[in-house]
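**Student:** here are the coordinates; sequence isn't available:
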């Protein structure tokens, strides 16, 4: 699997009209706190409430007609599931989704709302459950983050951001499976060769940080406990390779910092950012001295949450 | 007191650079639910998190230098207080604010953050407390909704909306003291003579609805119990006159509908709208049959809340 700037540009063409061009927001309070200029790319305001609409639409729209007819299948803790269901409905094809039993209710309802069929399973058994369903139906697997069309699709958020805000010194995205971070790295390294590219990861699921530190892909953390429910999965193999190739650095963050960051978006910027997306702000705050005076592009990834973290103090 | 379109246009000039041009958002889910086109004017994304920044800035910037030096004083349940504190700081003058003891903590902190002095009092004694402080300091009173510069300033939100979205059939705002609703009525009646102009009011504080129905200003509801903490005050005299003059209709809404509407903004549109602002959606839903096929401008007024309503069920 490799993904290039041209792939991302083709994806942007392919998904036009199916996804929003999301706004970029700024906050004087945040800029003053960090002594930097932060540009928040609001993928929480994207279709289905997350950047995942980009990758899913690219993968679904790229299918040949004969394959598309049999539908698409995937496993996902939430946003990719809703995104694939949305993309499949847009194309009028069936969609089958395996979800972990722990998925937030609001995400389950979203997937059902887009008309997909759901099967629940344990987090550790999702790949097997997905494979079985694929065998039954003949549907095309659209992996949530290892599919090159998905990675290229996710990269369109950064492509759009660089058109809206040229001249960034730093671009940061969350990193879970790594599709968004890899797609972003492809775009930013090509268009802003000297920019710093960061991935934000909960310390409780720090496999990406350890993988990059050791130069060898580390296994996923089993049964992680984190507010970042969208980031519990391990870093994907092709994404690991792209992160290494494009010199991405991973910054880990504490759980209370994630909640505090999500609260900041809610209470000060008046937007809903799910904890997974708020890792970007938590991570930037933890390296505030390094971004002083810089222009930071921050991709906040989604707004689908049941707000349980709002009652968690801090 | 009278306020004209020219006053609102002058206000727009005066406050430029001190307030945001706020975005207009749409939701396919909402449009499909109502079979209408709804344009949400996001004053929750305004400076200080509420449209009140418009009126306060207009009043403060219009003061003569000699008067301005002695500062400004007001009473407010929250957003006007923060707005006046912000406007006063922008001009570098003192600000004194009387707040009810029941004001949400998040609004108290905002006022303090902008450097204003605060005195707390019972809801029923706020006018007296404000008068006393004014006598002590010689500050200019900036009433939260009866001051003509405040009313004209609030009208700039509608002026901006009509530039962003021409051809509206209905424009709705919340109505508490009535400054925003009156300023909006002045603008809309002048620019869209046949449009329907609506005020949304919690049924628990329905003095505006009863005032318009009877043609005589009714007294404020004592000790109202409503989630719309920004709408607990009674309709102001000049605003009542402007509402009558411009044929505004008031639609009341139930408390559970207010909470459901605030949740919709939060969970589906991913923006924070305080319950007072969400009355607009609650009211439109209650008259859904009447707006079928129409283009509705909905001014959501603020995003300052402690989210207590999120735990209130429904």
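**Tutor:** Done, it's in. Note that this is a predicted model, so its numbers are computed, not measured.
**Student:** Mind naming the longest helix for chain A?
**Tutor:** Among all segments of chain A classified by DSSP state H, the helix with the greatest residue count is helix A:148-164.
**Student:** Determine the set of other helices and strands touching the next helix-or-strand element following that one.
**Tutor:** Proceeding C-terminally, helix A:148-164 gives way to strand A:170-174 as the next helix or strand, assigned by DSSP states H and E. With contacts taken as 3 or more C-beta pairs under 8 Å, 6 or more residues apart in numbering or on different chains; DSSP states H and E, strand A:170-174 sits against helix A:148-164, helix A:179-191, strand A:196-202, helix A:275-286, strand A:295-300. C-beta coordinates here come from the backbone N, C-alpha and C atoms, glycine included.
**Student:** Kindly recompute the last result at 7 Å.
**Tutor:** helix A:179-191, strand A:196-202, helix A:275-286, strand A:295-300 (3 or more C-beta pairs under 7 Å, 6 or more residues apart in numbering or on different chains; DSSP states H and E).
**Student:** and the residue of the stretch 151-300 of chain A found nearest chain B, how many residues sit next to it?
**Tutor:** When scored by C-beta to the nearest C-beta, the stretch 151-300 of chain A has residue A:270 as its residue closest to chain B, at 3.6 Å. By the other C-beta atoms under 10 Å in any protein chain shown criterion, the neighbourhood of residue A:270 contains 25 residues.
**Student:** Same question for residue A:14.
**Tutor:** A count of neighbours around residue A:14, defined by other C-beta under 10 Å, yields 20.
**Student:** right, and residue A:233 touches residue A:176 too?
**Tutor:** Yes - checked against C-beta atoms under 7 Å, the pair residue A:233 and residue A:176 is within contact range at 5.2 Å.
**Student:** Which one's more surrounded, the two?
**Tutor:** residue A:176 (33 against 23).
**Student:** Contact partners for the residue lying closest to the more buried one once chain neighbours are set aside?
**Tutor:** Beyond its immediate neighbours in the sequence, the residue positioned closest to residue A:176 (C-beta to C-beta, 6 or more residues apart in numbering or on different chains) is residue A:231, lying 3.5 Å away. For residue A:231, the residues meeting the contact criterion (C-beta atoms under 7 Å, 6 or more residues apart in numbering or on different chains) are A:174, A:176, A:201-202, A:205, A:276, A:279.
**Student:** and what of residue A:78?
**Tutor:** Each residue near residue A:78 by C-beta under 7 Å, 6+ apart is listed here: A:103-104, A:107, A:229-230, A:304.
**Student:** So which of those sits lowest on pLDDT?
**Tutor:** Confidence by pLDDT is poorest for residue A:104 among the contacts of residue A:78, given 76.
**Student:** Burial check on that one, number of neighbours?
**Tutor:** Here the neighbour count serves as a burial measure; for residue A:104 (other C-beta under 10 Å) it reads 19.
**Student:** Over to the nearest residue to it once chain neighbours are set aside. Which of the three states is it?
**Tutor:** Leaving aside its sequence neighbours, residue A:104 sits nearest to residue A:306 (C-beta to C-beta, 6+ apart; 4.8 Å). Here residue A:306 is coil, with the state taken from DSSP: H, G, I helix; E, B strand; the rest coil.
**Student:** these two touch, right, residue A:306 and residue A:106?
**Tutor:** Yes - with contact defined as C-beta under 7 Å, residue A:306 and residue A:106 form a contacting pair (5.0 Å).
**Student:** In terms of neighbours, single out the busier of those two.
**Tutor:** Higher neighbour count among residue A:306 and residue A:106: residue A:106, with 17 against 13, using other C-beta under 10 Å.
**Student:** In a helix, that one, correct?
**Tutor:** Yes - remark: residue A:106 belongs to a helix, assigned using three-state DSSP.
**Student:** does any part of whichever helix or strand residue A:33 is part of sit near chain B?
**Tutor:** If you go by DSSP H and E, residue A:33 is part of helix A:28-34. No - in this structure, helix A:28-34 remains apart from chain B according to C-beta under 7 Å from any C-beta of the partner chain; the gap is never smaller than 8.9 Å.
**Student:** Following the chain past that helix, name the next helix or strand.
**Tutor:** Toward the C-terminal end, the helix or strand that comes next after helix A:28-34 (DSSP H and E) is strand A:37-42.
**Student:** Check the stretch 1-150 of chain A for the residue nearest chain B and tell me.
**Tutor:** For the stretch 1-150 of chain A, C-beta to the nearest C-beta, closest residue to chain B: residue A:44, 4.9 Å.
**Student:** now the helices and strands packed on strand A:170-174 in CSV, with mean neighbour count, distance to chain B and mean pLDDT?
**Tutor:** Output for these, formatted as CSV (neighbours: other C-beta atoms under 10 Å in any protein chain shown; distance: least, C-beta to the nearest C-beta, whole Å; pLDDT from 0 to 100):
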stretch, mean neighbour count, distance to chain B, mean pLDDT
helix A:179-191, 28, 18, 98
strand A:196-202, 27, 19, 98
helix A:275-286, 27, 10, 98
strand A:295-300, 26, 10, 98
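**Student:** okay, these in CSV with distance to residue B:239 next?
**Tutor:** Supplementary listing: the helices and strands packed on strand A:170-174 in CSV, determined by distance: least, C-beta to C-beta, whole Å:
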stretch, distance to residue B:239
helix A:179-191, 49
strand A:196-202, 48
helix A:275-286, 40
strand A:295-300, 39
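**Student:** give me every residue that touches the residue sitting nearest the centre point of chain A.
**Tutor:** When chain A is reduced to its mean C-alpha position, the nearest residue by C-alpha atoms, centre = their mean turns out to be residue A:180, at 4.8 Å. Applying C-beta under 7 Å, 6+ apart, we find residue A:180 in contact with A:51, A:154, A:173, A:299, A:301.
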